Structure formats: structure tokens, C-alpha cells
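In: structure of the sequence below:
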Amino acid sequence: MSKIKPKILLIENDQFLYKILTVKLKRAGFDIFLAVDGVEGIKKVKEIKPNLVLLNLILPKLNGFEVLSEIKKTTILKKIPVVILTNLCQKCDIEKGMKLGAKDYLVTPNLSLSEIVEKVKGYLKSK
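Out: Next up, the predicted model:
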């Protein structure tokens, strides 16, 4: 009997980052889904109902704050943990993300890919 893999939706438009993150997270045993803009991200959250969303803030069409806000105001989606994964490290951005309901705010230049994978495992355990 195969174990059901946790589903992670990666909402990220940086092709390099989403490719390497996808490889690392798949190796760690996750099913990875991808959206490359905010509109597609919201659509896929509704379709897939992932166990976790990794969300960039700088996205085409709708920014990450708008995506997060939409997820958190939708009854069937608001319990899905959303982790912001971004280069933006200003205090006001971090506060805004947490206030909108993000589970965590990760500044990508400060973390290795392995650290990101370990954090994702931890979020899914604590869910």
C-alpha cells in the first residue's frame, strides 16, 4: 500500500528557483504542483487543495499578498498553511505577510534549499 504524498503548491515565477525546488521537494517525497502567476495560483489552490502553499510575493497578474489574502478569506481554503518564500526582507513586508495569515515568512537568500525542505517537512508535521 503506497503512502499518500503531501501535495505542495509552489506559486513561483522564477524558473530557476521553481525547477530546483521542485526537484528537491519531490526527492523529499512530496507531490509538487506549480503556478507561475497569482491568478493561476488561486485557481490551482481551489482545484488541488494542497497540504501546503509556498508563495512568492513578486508575481505577475496578482502579487503574493493578494493571493494570500484571497486564500485566507475563502472558507474552504483558509486552513491551508501558506508559507511566503521571497527575496523581500523588509520588516513591513514580513509584518504584512504574517498579518494576512501566512504560517511563516522565509527570505530565500538566507536559506539553503535543504533548509527550505526541512522547514516544509516541519510545517506539514505540525499541521
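
In: can you list contacts of the helix or strand harbouring Lys121?
Out: Using DSSP states H and E, Lys121 sits in helix 113-125. With contact meaning C-beta atoms under 8 Å, 6 or more residues apart in numbering, helix 113-125 is reached by 6, 8, 20-21, 24-25, 28, 30, 51-52, 54, 81, 83, 85, 103-104, 106, 108, 111. Any C-beta I mention is one placed from the backbone N, CA and C, and that applies to glycine too.

In: and the residues you listed, which of them are in strands?
Out: Using DSSP state E to define strands, the subset of the contacts of helix 113-125 located there is Ile8, Leu52, Leu54, Val83, Leu85, Asp104, Leu106.

In: gap between the nearest residue to Ile42 once chain neighbours are set aside and Gly29?
Out: Excluding its sequence neighbours, the residue lying closest to Ile42 (C-beta to C-beta, 6 or more residues apart in numbering) is Glu70, at 5.2 Å. When distance is defined by C-beta to C-beta, to the nearest Å, Glu70 is 29 Å away from Gly29.

In: the two - which one has more neighbours?
Out: Legend: neighbour count by other C-beta atoms under 10 Å for Glu70 and Gly29, higher for Glu70 (18 against 11).

In: centroid-nearest residue for the chain?
Out: Leu54 (0.9 Å; C-alpha atoms, centre = their mean).

In: specify the beta-bridge partners of that one.
Out: Leu10, Val83 (DSSP bridges).

In: list the contacts of it.
Out: Neighbour list for Leu54: Ile8, Leu9, Leu10, Ile11, Glu12, Leu21, Val83, Leu85, Val120 [criterion: C-beta under 8 Å, 6+ apart].

In: so how many other residues sit close to Tyr18?
Out: 19.

In: just give the closest residue to Lys46, not the sequence neighbours.
Out: Spatially, and ignoring its direct neighbours in sequence, Lys46 is nearest to Leu77 (6.8 Å; C-beta to C-beta, 6+ apart).

In: tell me the contacts of the one you found?
Out: Val45, Lys46, Lys49, Ile71.

In: any idea how far Lys26 is from Phe65?
Out: 28 Å.
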